[in-house]
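Undergrad: With the input below, show me the fold.
(chains A and B)
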Amino acid sequence: MGASRLQLFNTLTRRVEPFEPLFPDARDAAGRPAIGMYCCGPTVYDFGHIGNFRTFVFADLVRRYLEFRGFAVNHVMNITDVEDKIIRRVRESGKTLREFTGHYEAEFLRDLDALGCLRPHHLPRATEFMPQIIALIQKLEQRGLAYRAADGSVYFSIEKYRGCGCRYGQLVNLNFDAMRVGERVANDEYDKESLADFALWKARVPDDGDVFWDSPWGQGRPGWHIECSAMSMAILGASFDLHLGGEDLAFPHHEDEIAQSEGAGVQTPGRPFVKHWLHGAHLLVEGKKMSKSLGNFFTVRDLFAKGYTGREIRTLLLSAHFRETFNFTLAGLDGARAQLARIDECLGKLRDLATQAPSPGSVGQAPSPELVAAFTTAMDEDLNVSKAWGVVFDWVRDTNRALAEGQFTPAHSAIALAEWTRLDAVFGLGAKATDEAPAEIVALAHERVAAKQAKDFARADAIRNELKAQGWLVEDTAKGPKLKRA
RNA sequence: GGCGGGGUAGCCAAGUGGUAAGGCACGGCUCUGCAAAAGCUGCAUCGUCGGUUCGAUUCCGACCCUCGCCUCCA
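TA: Numbers count the residues shown, from 1 in each chain, chains lettered A, B, ... in the order given. Just a heads-up that it's a prediction; the model follows:
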């Protein structure tokens, strides 16, 4: 495979650096280097929107590319199924917590599938890791980093954490004097010692209703950050390779995760909680921040309702580099559709040819073996998908030309398709849904062929228009008419 | 106010100290009874102003605009 190595930007070092497994000797059953990857998943209180899914498609791309590069990835994505907004909606809906979150969790996974994302190997729910969460808080308590406040909640002390030589502010440059920490939060809302401290365990309040768990600190529920620390370490170990999420999570969520996880002192000395942090940029919609009042707030199902498919959405989301703010537009989706059509046309021709018997004496010209190598070189550069698409379209053009000039044999087509398949294991576009034309449409197409043979072109064109009115395009090919959805 | 991203053709988006990938849209041509698909082809001096340099879109400075984080937002 190319001479290049995979390089990824690491938020921790603010540099693009080579990706090296944290445990070089770890191998899966097939002998592939094993790595652990955790991605902050959804809070299941509503349908996911297109911005959420940019991050999840990004995580899927990372996982797929690492697999393409020969790694055995253990992919974990948490489901946050207890949280303020959830509790409020549970209260309003009259459902149980599990009924409520179960619904949105199922819908989330449906959307994830529709966007061509591979299911993470583990989808831990916060509510199912209470023992681990409590144990982690206890560990922090034992180490003097956690304290109980008058309201019964348990908080993490950033001052104590820094006091024992740990660094708070690894992912972002923090200047506590200049930061407006907590400025927009009512200062008397919490009994924290310091505004930057964050809740590990929140004492039960009347509005919580039935949503609470017993703990050494009384009834309550976990703070937001602690679940990710507890679940990631429970499944992947105290130190693992990759942790990803949206850029907004870098601070405070990920910073707090580091503080809790490293503060608990469970790592082998010298080893970090996470070696490599990746953050996906947000997107704008129609040039503006997504908001309900602007009418540019799209859930994935809103886009389905407008007739767009999951692979079209995926294609658009994968068209820009993950660290760049991306402008998501409906016009962009139309562009993605046209782009896919171009690829699908080319692949369709290759498939047609690959299944044909070789014509005797045909030698032709083998497809250039450059596709996978060039793709790899592009993706190795911090997942430069834009460059990778450039590689793909150069290949499409070259392939189309070779096909048009009759240079490919069926065997060549099969080779080209195999190359594409390798590459598509990363892009995850899959095959276009085939739409079989109904019998009456096929009959019309046959009728048109008869009209053409009789040189009755007026009739042939009338049928073309009739087909078009019914939503079908007809293309005359060497092998007869081909029907396509308009 | 602090910190961090961006500003490249109508739109989306790569990239490099030596005059700018790719996709969409648009125009021309070839092919086609017509079309579609496909191929060929046309279409940008890279936010503004300075500086460094033989040469900058790419390096430095200033400015303008824009986005994000600083709040349990992907």
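Undergrad: which helices and strands sit right next to the helix or strand hosting residue A:338?
TA: Following DSSP states H and E, one finds residue A:338 within helix A:330-354. If contacts are counted by 3 or more Cβ pairs under 8 Å, 6 or more residues apart in numbering; DSSP states H and E, helix A:330-354 sits against helix A:310-317, helix A:385-404, helix A:410-427. Just so you know, the C-beta spots here come from the backbone N, C-alpha and C atoms, and that holds for glycine as well.
Undergrad: contacting residues around stretch A:373-392?
TA: Stretch A:373-392 is contacted from outside by A:1-2, A:4-9, A:16, A:61-62, A:65, A:68-69, A:318-323, A:343, A:371, A:394, A:423, A:426, using Cβ atoms under 8 Å, 6 or more residues apart in numbering.
Undergrad: Could you show which parts of the stretch 1-150 of chain A are in contact with RNA strand B?
TA: A:14, A:40, A:42-43, A:51-52, A:54-55, A:83-85 (Cβ under 7 Å from any atom of the strand).
Undergrad: of those, buried ones?
TA: A:40, A:42-43, A:51-52, A:54-55, A:83 (16 or more other Cβ atoms under 10 Å).
Undergrad: Let me know the closest of those to RNA strand B.
TA: RNA strand B lies nearest to residue A:51 out of those, by Cβ to the nearest atom of the strand, at 2.6 Å.
Undergrad: beta partners of the residue in chain A positioned nearest to RNA strand B?
TA: Closest approach of chain A to RNA strand B (Cβ to the nearest atom of the strand) occurs at residue A:246, with a separation of 1.4 Å. With DSSP bridges applied, residue A:246 shows beta-bridge pairing to residue A:280.
Undergrad: For residue A:103, give its distance to residue A:211.
TA: Residue A:103 sits at a distance of 16 Å from residue A:211 (criterion: Cβ to Cβ, to the nearest Å).
Undergrad: Next: residue A:171.
TA: Residue A:171 is 30 Å from residue A:211, by Cβ to Cβ.
Undergrad: the more surrounded of these two?
TA: residue A:171 (21 against 18; other Cβ atoms under 10 Å).
Undergrad: okay, whichever strand or helix holds residue A:440 in PDB with CA atoms only?
TA: Using DSSP H and E, residue A:440 maps to helix A:439-453. Taking Å, rounded to 0.1, in the frame of the first residue of the first chain, the C-alpha atoms of helix A:439-453 are listed here in PDB:
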ATOM      1  CA  ALA A 439     -44.500  -4.100 -16.000                       C
ATOM      2  CA  GLU A 440     -46.600  -1.400 -17.700                       C
ATOM      3  CA  ILE A 441     -43.500   0.900 -17.900                       C
ATOM      4  CA  VAL A 442     -41.400  -1.900 -19.400                       C
ATOM      5  CA  ALA A 443     -44.200  -2.600 -21.900                       C
ATOM      6  CA  LEU A 444     -44.200   1.100 -22.900                       C
ATOM      7  CA  ALA A 445     -40.500   1.000 -23.400                       C
ATOM      8  CA  HIS A 446     -40.900  -2.100 -25.700                       C
ATOM      9  CA  GLU A 447     -43.600  -0.300 -27.600                       C
ATOM     10  CA  ARG A 448     -41.200   2.500 -28.200                       C
ATOM     11  CA  VAL A 449     -38.500   0.200 -29.500                       C
ATOM     12  CA  ALA A 450     -41.100  -1.100 -32.000                       C
ATOM     13  CA  ALA A 451     -42.000   2.400 -33.000                       C
ATOM     14  CA  LYS A 452     -38.400   3.200 -33.500                       C
ATOM     15  CA  GLN A 453     -37.900   0.200 -35.700                       C
END
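Undergrad: For stretch A:320-328, which outside residues touch it?
TA: A:9, A:50, A:54, A:58, A:61, A:278-287, A:298, A:316-317, A:319, A:382-386.
Undergrad: That should have said stretch A:65-77, apologies.
TA: Contacts for stretch A:65-77 (Cβ under 8 Å, 6+ apart): A:6, A:19, A:21, A:27-28, A:30, A:32-41, A:56, A:59, A:63, A:118, A:120-124, A:231-232, A:235-236, A:376, A:379, A:383, A:422, A:425-426.
Undergrad: ok, 6 Å please
TA: For stretch A:65-77, the external contacting residues (Cβ atoms under 6 Å, 6 or more residues apart in numbering) are A:6, A:28, A:32-39, A:41, A:63, A:120-123, A:235, A:379, A:425-426.
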